[in-house]
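Enquirer: quick one, fold the following:
(2 chains)
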Amino acid sequence: DAGVTQSPTHLIKTRGQQVTLRCSPKSGHDTVSWYQQALGQGPQFIFQYYEEEERQRGNFPDRFSGHQFPNYSSELNVNALLLGDSALYLCASSPGTSGIDTQYFGPGTRLTVL
Amino acid sequence: QKEVEQDPGPLSVPEGAIVSLNCTYSNSAFQYFMWYRQYSRKGPELLMYTYSSGNKEDGRFTAQVDKSSKYISLFIRDSQPSDSATYLCASFNAGNMLTFGGGTRLMVKP
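Expert: Okay, the predicted model is just below:
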């Protein structure tokens, strides 16, 4: 089992650009969540996808958008990048929609905005 | 005020020591409490979780929740250098949305 995979590993962008990050969930998982982790901070919830729809959203602006594909993989898009968007972006997958679904995290994509 | 608070550390202990890591939370609706370990440049890894108040033990690790005081603890016995990492406490908010503390950096010195 490959676990949760994310690509790319690192990314450098400049202010105002747009970026797309990708996530493949653990086998058997159909729910994908995205988190932003600034340096020295805990992860902050961005949004969650289930059945190709955004099910929940944290306190992030509309510049952050996502998509889930029929194979449960997911993308995170960030438009009009700001310096403050520099962070580790984590994808987590979980099975099902009920009970205590534990989330398994990928290694993250480190985004640097210059 | 953040919903989950942690002392950022760093916490430095000698090998073999008992480590106590703590969090406080403010949301009374939280029911499930998790501890994650995160090594440098890696994603968080779930260590253990508990439901409501009480203790849960797994090997050298014990998680404790006191809902009356909104206090979460993780104890590590016989700490090892390989335990050096950042420890994140978290709780479930609505649905599967995790709310994390800021993390405590632990260093176990040989």
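Enquirer: so for the residue sitting nearest the centre point of chain A, what's the pLDDT?
Expert: By CA atoms, centre = their mean, chain A has its centre lying nearest to residue A:34, at 3.0 Å. Note for residue A:34: predicted pLDDT of 96.
Enquirer: mind listing what it touches?
Expert: By CB atoms under 8 Å, 6 or more residues apart in numbering or on different chains, residue A:34 lies in contact with A:23, A:45-48, A:66, A:74, A:76, A:89-92. In this view, the C-beta of every residue, glycine as well, is placed from N, C-alpha and C.
Enquirer: point out the residues in chain B that sit beside chain A.
Expert: Proximity of chain B to chain A (CB under 8 Å from any CB of the partner chain) is limited to residues B:4, B:6, B:8, B:32, B:34, B:36, B:41-46, B:49, B:51, B:88, B:90, B:92-103.
Enquirer: dump the residue contacts of the residue nearest to residue A:44 when sequence neighbours are not counted.
Expert: Once flanking residues are discounted, residue A:44 sits nearest to residue A:36: 5.1 Å by CB to CB, 6 or more residues apart in numbering or on different chains. With contact set as CB under 8 Å, 6+ apart, residue A:36 has these partners: A:43-44, A:46, A:60, A:87-90.
Enquirer: repeat that for 6 Å
Expert: Residues in contact with residue A:36 (CB atoms under 6 Å, 6 or more residues apart in numbering or on different chains) are A:44, A:46, A:87, A:89.
Enquirer: mind checking which helix or strand the residue nearest to the centre of chain A is in?
Expert: strand A:31-37 (DSSP states H and E).
Enquirer: list the buried ones in that strand?
Expert: Using 16 or more other CB atoms under 10 Å in any protein chain shown as the test for burial, strand A:31-37 gives A:31-37.
Enquirer: one more: stretch A:13-33?
Expert: Neighbour-count burial for stretch A:13-33 flags A:13, A:19, A:21, A:23-26, A:29-33 (criterion: 16+ other CB under 10 Å).
Enquirer: measure that stretch end to end?
Expert: One end of stretch A:13-33 sits 23 Å from the other (CA to CA, to the nearest Å).
Enquirer: hmm, that stretch touching chain B?
Expert: No - Stretch A:13-33 is not in contact with chain B by CB under 6 Å from any CB of the partner chain; minimum separation 6.6 Å.
Enquirer: now do that stretch: distance to the chain's middle.
Expert: Mean-position distance between stretch A:13-33 and its chain equals 4 Å (CA atoms, centre = their mean, to the nearest Å).
Enquirer: out of the contacts of residue A:34, who's nearest residue B:72?
Expert: Residue B:72 lies nearest to residue A:45 out of those, by CB to CB, at 18.3 Å.
Enquirer: that closest one contacts residue A:58, correct?
Expert: Yes - contact status for residue A:45 versus residue A:58: in contact at 3.9 Å, counting by CB atoms under 6 Å.
Enquirer: the two: which has the busier surroundings?
Expert: Relative neighbour count places residue A:45 above the other of residue A:45 and residue A:58, with 21 against 17, counting by other CB atoms under 10 Å in any protein chain shown.
Enquirer: quick one: that one from chain B, how far?
Expert: With distances taken as CB to the nearest CB, to the nearest Å, residue A:45 is found 5 Å from chain B.
Enquirer: again with residue A:114
Expert: Taking CB to the nearest CB, one finds residue A:114 at 20 Å from chain B.
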